[in-house]
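Asks: My questions concern the predicted model and sequence given below.
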Amino acid sequence: MKCPACNGEIGRFELAPNCKHCGANVFYSQQKTLLTRDAKKCELEYAGFRILVAKLKTAFIKGAIQILRIVAMVVAIGAIFIPFATVSVNSALFSSSFSFGAWGIYSAFTDGTIGALLNLTEYMPNQVVLCFALLGLIVAIFLVGFGVFVSLLLSFINIHKSAKIMRGLSVAGGVLCLCACALCIAMPYLFGKGGFLVANTGFGAFACVLVFVMIFVLNHLVIKKNIQPEIKEVDIKRKELNKKVKAGEVSLDDLPLPVFETEEGKEKRLLDAAEKKALVEKAKGGEARE
């Protein structure tokens with residue numbers, strides 16, 4: 001093995017605690033080397049964690065706009081449960097009423113209402129087509145809303161790009177909601193007051209329009225204000241260097257400690273060194289007087 005202090009060769013059967021070349025204690029020198037290596041590794045790896053925390057805080061909680069985006073998503077989830085319209089099915093063999101909202105559509109599929117509605121196609125084809133057109137619009141709105149939700153969750157990766165995606169999706173969702181609004185308003189008149197199918201307009205489509213407008217405005221503000229995470233340059237350098245260390249391009253033993261130093265850290269280190277030097281000089285002065 002080699003001495004950790006002077007890199008001198010130590011024989012396998014040389015059991016003395018001190019190096020024969022430099023006199024350093026081999027055990028303590030080795031421990032110091034390992035601790036120094038761990039300190040360098042911790043400095044490099046913790047930089048990635050700090051960058052991730054900075055991105056998460058910027059994406060979700062650092063400003064009023066980011067917090068309002070989360071609130072808007074909560075409101076959006078509530079809005080999809082508000083009925084867009086309510087349709088009553090009245091026939092000799094089947095009678096039911098269901099709403100075109102998240103829970104209403106789920107219930108209509110599970111209790112057989114959608115199947116019964118299909119059986120009325122030969123009697124009222126236009127009305128049934130309108131029902132399924134509205135159903136298709138609502139499903140499309142749900143998918144757009146899900147895309148907005150996923151983009152919000154992943155906004156910590158790149159808040160600027162995610163805001164652009166959310167803004168674009170909110171425009172698409174708003175257009176779909178306006179089409180749904182028009183269809184919901186027209187359905188009672190197209191269906192008539194009697195017959196197998198009777199429709200009443202709900203407020204779900206209007207609520208979703210307002211939510212998509214809110215999401216559009218908030219993400220437009222994120223883009224306009226160019227909100228970006230505040231990441232220290234030394235952390236970026238540490239993260240890049242850590243990749244090189246893991247790839248084997250750079251050895252930890254060849255790096256200084258600290259690997260990268262901030263101005264605040266440098267000032268603190270120099271101040272501590274000055275204070276330590278002053279204490280040593282004061283102690284020497286006291287010994288000289290004695």
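Replies: Received, thanks.

Asks: what mean pLDDT would you report for the host helix or strand of residue 190?
Replies: Element membership of residue 190, judged by DSSP states H and E, is helix 159-191. Averaged across helix 159-191, pLDDT comes to 90.

Asks: So residue 261: helix, strand or coil?
Replies: Here residue 261 is recorded as coil under DSSP: H, G, I helix; E, B strand; the rest coil.

Asks: if we can go back for a sec, on contacts alone, who are the packing partners of the helix or strand that the helix holding residue 190 is followed by?
Replies: Heading C-terminal from helix 159-191, the first helix or strand you meet, by DSSP H and E, is strand 197-201. The helices and strands touching strand 197-201, judged by 3 or more C-beta pairs under 8 Å, 6 or more residues apart in numbering; DSSP states H and E, are strand 85-90, helix 125-153, helix 159-191. C-beta: built from backbone N, CA, C; applies to glycine.

Asks: swap the cut-off to 7 Å and go again
Replies: strand 85-90, helix 159-191 (3 or more C-beta pairs under 7 Å, 6 or more residues apart in numbering; DSSP states H and E).

Asks: got the buried residues for the longest one?
Replies: Residues of helix 159-191 classed as buried: 159, 162-170, 172-174, 176-181, 183-184, 187-188, 191 (neighbour count, 16 or more other C-beta atoms under 10 Å).

Asks: any idea of the angle it forms with strand 197-201?
Replies: Angle of helix 159-191 versus strand 197-201, following axes from the mean of the first three to the mean of the last three C-alpha atoms, to 10 degrees, is 130 degrees.

Asks: and the longest helix for this structure?
Replies: helix 26-60 (DSSP state H).

Asks: Would you indicate which residues of that helix are buried?
Replies: 26, 29, 36, 40, 43-44, 47, 51, 54-55, 58-60.

Asks: Could you point out the helix or strand that follows that helix?
Replies: Following helix 26-60 in sequence order, the next helix or strand is helix 64-79 (DSSP H and E).

Asks: what mean pLDDT would you report for that following helix?
Replies: 93.

Asks: And it, what does it pack against?
Replies: On a contact count with 3+ C-beta pairs under 7 Å, 6+ apart, helix 64-79 meets helix 26-60, helix 125-153, helix 204-224.

Asks: same thing but at 6 Å, please
Replies: The contact analysis (3 or more C-beta pairs under 6 Å, 6 or more residues apart in numbering; DSSP states H and E) places helix 64-79 against helix 125-153, helix 204-224.

Asks: which stretch among the ones you listed comes nearest residue 278?
Replies: Comparing the helices and strands packed on helix 64-79 by their distance to residue 278 (C-beta to C-beta), the top pick is helix 204-224, with 50.8 Å.

Asks: Can you list the buried residues in that closest one?
Replies: Quick answer for helix 204-224 (16+ other C-beta under 10 Å): 204-209, 211-216, 218-222.

Asks: that older thread, least reliable of the helices and strands packed on helix 64-79 going by mean pLDDT?
Replies: Taking the mean pLDDT of the helices and strands packed on helix 64-79, helix 125-153 comes last: a mean of 88.

Asks: Which elements pack onto that helix?
Replies: Partner elements for helix 125-153 (3+ C-beta pairs under 6 Å, 6+ apart): helix 64-79, helix 159-191.

Asks: Tabulate the ones you listed (TSV), appending distance to residue 261.
Replies: Shown next, in TSV, are these (distance: least, C-beta to C-beta, whole Å):
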stretch	distance to residue 261
helix 64-79	32
helix 159-191	29
